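Participant: For reference, the sequence and a predicted model appear below.
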Amino acid sequence: MEPPGEGGEMAAALQAAKRALRGELRQRLRALGAAEKQRQSRLLSRKVIDHPKYQESQRIAIFLSMPDEIQTEEIIKDIFKQGKECFIPRYKPHSNHMDMLKLSSAEDISSLALTSWNILQPSDDDSAREEALAGG
């Protein structure tokens, strides 16, 4: 059993460690050139697409990438090319809740709303999309 207050100190230390790691990763990403980021995105996309679990899956959940992240566009295009179903996140403001909602096509991305965090996602009033956990 932990002495009183120790759990709070551990949580604070964990939060500080996460903040430091995020800062270090941001610095490393800034140091990479655009061509290197694109090269690494292509390599990772190939690994994902070639993976047996990806190949056997019919329903794929994936994030829409921000400019400073691994680019997922190639994977999303492949999902539709192979006739799979694609689900992307919709975050609830001021919450830890996230729904994974179905995209109808790669082009459907252009119809998505831009959040205050500059993230493309289905709007809050978009109730026509299937939620990943509601399907097969």
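Facilitator: Looks like it arrived, so ask away. Residues are numbered from 1 along each chain as shown.
Participant: what about the residue nearest to Asp99 when sequence neighbours are not counted, how many neighbours?
Facilitator: Closest residue to Asp99 apart from its sequence neighbours, by Cβ to Cβ, 6 or more residues apart in numbering: Arg90 at 4.8 Å. Placement of C-beta: from N, CA and C, glycine included. One way to gauge burial is a neighbour count; for Arg90, by other Cβ atoms under 10 Å, it gives 21.
Participant: ok, residues contacting stretch 17-26?
Facilitator: Outside of stretch 17-26, the residues within contact range by Cβ atoms under 8 Å, 6 or more residues apart in numbering are Asp68.
Participant: just the strands in this protein please.
Facilitator: Counting by DSSP state E, residue ranges of the strands within the chain are 59-61, 85-91, 98-103, 113-114, 120-121.
Participant: Just checking: what are the partner strands of the fourth one?
Facilitator: Looking back up the chat, that one is strand 113-114. Each strand pairing with strand 113-114, determined using DSSP bridges, is listed with its direction: strand 120-121 (antiparallel).
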